[in-house]
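Enquirer: Here is a sequence together with a model predicted from it:
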Amino acid sequence: MEVGYVDIYEKIVELLKRRGFLWPSFEIYGGLRGFVTYGPLGIELKHRIEEKWREWFIYKQGFVEIESPIIMPEVIFKASGHLDHFTDPVVECLDCKRKFRADHIIEDATGKVAEGLGIEEIEEIIEKENIKCPECGGRLGKVGQFNLMFKTTIGPYSENRGYARPEAAQGMFVEFKRIFTVTREKLPLGIAQIGKVLRNEISPRKGLIRLREFTIMEVEVFVDPEDLSCPKLSEVEDEELKLVTADMRARNEEEPLIVTAREAVDKGYISAEWQAYFMVISKYFISSLGIPWERQRFKEQMPWEKAHYSKQTFDHEIYLQRFGWVEVAGHAYRTDYDLKRHMEHSRVDLTVFKRFKEPQIIEKIVVQPLKEIIKSDFGDNAQKVFSMLKNVNPMDIKVSFDKKGYYEFDGIRIEPKHVKIEKKTEKITGRRFIPHVFEPSFGADRLVYATLECSYSVKENRVVLKLPRDLAPIQVAVFPLVNKDNLPSTAQRVWMSLRDEGIRAMYDNSGSIGRRYARADEVGVPIAVTIDYQTQKDDTVTLRDRDTWQQIRISVHDLTNELLDYFKGRKNFEELGKSSK
RNA sequence: GCGGGGCUAGUCUAGCCUGGUCUAGGACGCCGGCCUCCCAAGCCGGUUACCCGGGUUCAAAUCCCGGGCCCCGCACCA
């Protein structure tokens, strides 16, 4: 450990609890790991982060937001592949540490179907049949159940199974058809969702880093697979990205590669423009939370780490003092995996139609049955001939006629006299395809922690949370300098007028003025307004900056507008009260 | 899930080994009052705790057992 090392995590957790940002849920019943409750200040901060994410990933992109249910019927997760990837019993070899599907091992060794057996049964069979590790012949350990989805029943029938979603994405895929329609059938289409997801983690840890119930912020961008270019990449293509690619990781190179977004695509580090584009936006968004670029990087997942649906995934990681590099976002190229699977399982057409710029005129051969002749030649078989002719590629018939003089199908010989072969021109106005999907996906709770850690500072032995001004749960603190001579009542009037304007303001008159500044600093209030004796003379108040403790005077008349400018980022602290006539 | 460490007020902690003197001590915070013309000042008063359950004992914060939670390592993290 370095000299002077202070474990900031402990201090932050203590602060969060003490000031009511967040704490472990169900404390009075002893608590339950993996669940947290956000208090008054914490939920405000989280909402600010979510709102900022909306700005970057929805509003600036022209995307749309939805809210879909958390509980979904089993069939959706059958289609999405989550059921198969989550409910399997797993057994570990005690010698070589390899892991196996326990039911597959039994099937391979005994030939019996083992799917759907309980853990105990599988364990029993492994013991009875003396099944060994198929790789090294070692002894097998206990069978574990690795089902990360929370299971429930919907309504009174136990066979009506449902699961809590482990990602919000499925909501976007399942509802894709209607959203595509109501947004007037345009690609690229970006659908976003912010919401709770649940994962029944075996062993949640590390406070906000690994929860069982948490908030996820996801976008699914649906694009034409024949045009994977991202029109907005050019706006940000010179922005630098820090990459640790899978190749580099395979060579144990951890020092990130610094390339521009454009280079990363051109040199093939990032498989698609959309991926690169979102990684830049991701950098902007995370940086706007006050998390310095030095503490960010993108790490590509190794092939075996990737989710079943992903072609390429880059994790956006943030360096945290206690936990090291922590994933806060994943940028995945999901291809057409999900829509395809939902098409197969729902039997609903989820393809989209795209009009060509110019309709294409194509020549095409059409085979028209000559009904009378067919009827008289084939009698009862005529119906069969008609349907066959409908389904066969006309070109095959023509080729066969040219070669052999007839076309034979199922013992039926069609001769040129039975049909009329014509050339027809056809106008094709577009094509149908399954869109491909790019997905940036963020963990809101991890971002809350990372934001707090990066804003945590100590000044003159006091804690100052240097939250970006647009994230601060409380924007302004209003104090009377002392509790006499009518200062409190004036201060309260100022406080109320700020609140009326929609500024989140607090009033505090307990203790000394220094104590109040300290209390406000600790929860990251950017600006304190102090009403003093000067106020009674010239109607000005003191503004004090949280980070510099610098003070300026400003007239009460201008106060609200100046503060609104400040919080919208139009003015910095030093500029307040100036040129405001 | 395995192994190690821990849990005393809002927060941090003393006490635990060696049971009784603990109606559990301190600091900070918080609330009320006084004071106070700008950075956790001072004075007075108030506030709040032995993680839960069982056992041993005349007597348990202290010893034993089970459970919960937190931290660390391993495993897990589609």
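Expert: Noted; the coordinates are in hand.
Enquirer: Name the helix or strand of chain A that has the lowest mean pLDDT.
Expert: strand A:99-101 (a mean of 62; mean pLDDT, DSSP states H and E).
Enquirer: Can you classify residue A:333 by secondary structure?
Expert: Here residue A:333 is recorded as strand under DSSP: H, G, I helix; E, B strand; the rest coil.
Enquirer: and if you look at residue A:31?
Expert: coil.
Enquirer: And it, how far from RNA strand B?
Expert: Separation of residue A:31 from RNA strand B (C-beta to the nearest atom of the strand, to the nearest Å): 4 Å. All C-beta atoms are positioned from the backbone trio N, CA, C, and that covers glycine.
Enquirer: Just give the nearest non-adjacent residue to that residue, would you?
Expert: Nearest residue to residue A:31, sequence neighbours excluded (C-beta to C-beta, 6 or more residues apart in numbering): residue A:24, at 4.6 Å.
Enquirer: One more: residue A:161?
Expert: According to C-beta to C-beta, 6+ apart, the nearest residue to residue A:161 is residue A:74 (4.4 Å).
Enquirer: quick one: contacts for that neighbour?
Expert: Residue A:74 makes contacts with A:83, A:161, A:162, A:163, as judged by C-beta atoms under 8 Å, 6 or more residues apart in numbering.
Enquirer: Tell me how far stretch A:542-558 lies from the chain's centre.
Expert: For stretch A:542-558, the separation from the chain centroid amounts to 40 Å (computed by C-alpha atoms, centre = their mean, to the nearest Å).
Enquirer: Is that stretch in proximity to RNA strand B?
Expert: Yes: for stretch A:542-558, a contact with RNA strand B is found by C-beta under 7 Å from any atom of the strand, at A:542, A:544, A:549, A:551.
Enquirer: just the buried members of those residues?
Expert: A:542, A:544 (16 or more other C-beta atoms under 10 Å).
Enquirer: what would the residues of stretch A:542-558 next to RNA strand B look like in a markdown table with pLDDT and secondary structure?
Expert: Below are these laid out as a markdown table (pLDDT from 0 to 100; DSSP: H, G, I helix; E, B strand; the rest coil):
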| residue | pLDDT | secondary structure |
| --- | --- | --- |
| A:542 | 95 | strand |
| A:544 | 96 | strand |
| A:549 | 95 | coil |
| A:551 | 95 | strand |
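Enquirer: Which two among the residues of stretch A:542-558 next to RNA strand B are spaced furthest apart?
Expert: A:542 and A:549 (11.5 Å; C-beta to C-beta).
Enquirer: wait, doesn't the residue nearest to residue A:31 sit right on residue A:39?
Expert: No: the pair residue A:24 and residue A:39 does not pass the contact test of C-beta atoms under 8 Å, sitting 11.7 Å apart.
Enquirer: Name the helix or strand for the spatially most central residue of chain A, please.
Expert: Closest residue to the average C-alpha location of chain A: residue A:441 at 2.0 Å, with C-alpha atoms, centre = their mean. Per DSSP states H and E, residue A:441 falls inside strand A:436-443.
Enquirer: Which neighbours in the sheet does that strand have, and how are they oriented?
Expert: strand A:213-223 (antiparallel), strand A:324-335 (antiparallel) (DSSP bridges).
Enquirer: List the buried residues for stretch A:522-540?
Expert: Here stretch A:522-540 shows A:523, A:524, A:525, A:526, A:527, A:528, A:529, A:530, A:531, A:532, A:535, A:540 as buried, counting by 16+ other C-beta under 10 Å.
Enquirer: one step back: surely the residue nearest to the centre of chain A touches residue A:334?
Expert: No: applying C-beta under 8 Å as the test, residue A:441 and residue A:334 come out as separate, 10.0 Å apart.
Enquirer: Between these two, which contacts overlap?
Expert: residue A:169.
Enquirer: domain parsing for chain A?
Expert: A:8-74+A:153-339+A:438-442, A:88-146, A:359-429, A:474-575 (automatic domain parsing).
Enquirer: will you turn those domains into JSON lines that also has distance to residue A:465?
Expert: Listed next are the domains of chain A as JSON lines, based on distance: least, C-beta to C-beta, whole Å:
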{"stretch": "domain A:8-74+A:153-339+A:438-442", "distance to residue A:465": "8"}
{"stretch": "domain A:88-146", "distance to residue A:465": "39"}
{"stretch": "domain A:359-429", "distance to residue A:465": "59"}
{"stretch": "domain A:474-575", "distance to residue A:465": "3"}
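Enquirer: ok, the residue of chain A found nearest RNA strand B to residue A:528 distance?
Expert: Residue of chain A nearest RNA strand B, by C-beta to the nearest atom of the strand: residue A:514 (2.4 Å). Residue A:514 sits 11 Å away from residue A:528, going by C-beta to C-beta, to the nearest Å.
Enquirer: Quick check, residue A:332 in contact with residue A:309.
Expert: Yes: contact criterion C-beta under 8 Å: residue A:332 and residue A:309 qualify, at 7.4 Å.
Enquirer: quick one, which of the two is more surrounded?
Expert: Taking neighbours as other C-beta atoms under 10 Å, residue A:332 and residue A:309 compare with residue A:332 leading, 25 against 22.
Enquirer: what pLDDT does the residue of chain A most remote from its centre get?
Expert: No residue in chain A sits farther from the centre than residue A:376, which is 65.2 Å out by C-alpha atoms, centre = their mean. With respect to pLDDT, residue A:376 scores 77.
Enquirer: What residues sit buried inside the helix or strand encompassing it?
Expert: Of the helices and strands defined by DSSP H and E, residue A:376 is found in helix A:371-378. Within helix A:371-378, the residues scored as buried using 16+ other C-beta under 10 Å are A:374, A:375, A:377, A:378.
Enquirer: show me the contacts for the first one.
Expert: It refers to residue A:374. Per C-beta under 8 Å, 6+ apart, neighbours of residue A:374: A:382, A:385, A:386, A:418.
Enquirer: Restricted to helices, list these.
Expert: A:382, A:385, A:386 (DSSP state H).
Enquirer: now those residues in CSV, with pLDDT?
Expert: Output for those, formatted as CSV (pLDDT from 0 to 100):
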residue, pLDDT
A:382, 77
A:385, 80
A:386, 77
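Enquirer: Out of the residues you listed, flag the one nearest to residue A:237.
Expert: Distances from residue A:237 to those, taken by C-beta to C-beta, are shortest for residue A:386, at 58.0 Å.
Enquirer: From what I see, that closest one and residue A:369 are in contact.
Expert: Yes: at 5.8 Å, residue A:386 counts as touching residue A:369 under the criterion of C-beta under 8 Å.
Enquirer: Give me the more crowded residue out of those two.
Expert: Higher neighbour count among residue A:386 and residue A:369: residue A:369, with 18 against 15, using other C-beta under 10 Å.
Enquirer: residues contacting the closest residue to residue A:556 other than its chain neighbours?
Expert: Computed as C-beta to C-beta, 6+ apart, the closest residue to residue A:556 that is not its neighbour in sequence is residue A:539, at 5.0 Å. Residues in contact with residue A:539, defined by C-beta under 8 Å, 6+ apart, are A:555, A:556, A:557.
Enquirer: what separates residue A:539 from residue A:575, distance-wise?
Expert: To residue A:575, residue A:539 is 20 Å away according to C-beta to C-beta.
Enquirer: And for residue A:42?
Expert: Taking C-beta to C-beta, one finds residue A:42 at 31 Å from residue A:575.
Enquirer: what about those two, which has more around it?
Expert: residue A:42 (22 against 14).
Enquirer: what angle do the helix or strand containing the more buried one and strand A:436-443 make?
Expert: Assigned by DSSP H and E, residue A:42 belongs to helix A:40-54. With axes from the mean of the first three to the mean of the last three C-alpha atoms, to 10 degrees applied, the angle from helix A:40-54 to strand A:436-443 works out at 160 degrees.
Enquirer: now for helix A:40-54, which elements pack on it?
Expert: strand A:189-198, strand A:213-223, helix A:273-288, helix A:444-455 (3 or more C-beta pairs under 8 Å, 6 or more residues apart in numbering; DSSP states H and E).
Enquirer: quick one: it near RNA strand B?
Expert: No: on the criterion C-beta under 7 Å from any atom of the strand, helix A:40-54 is out of touch with RNA strand B, staying 13.3 Å away.
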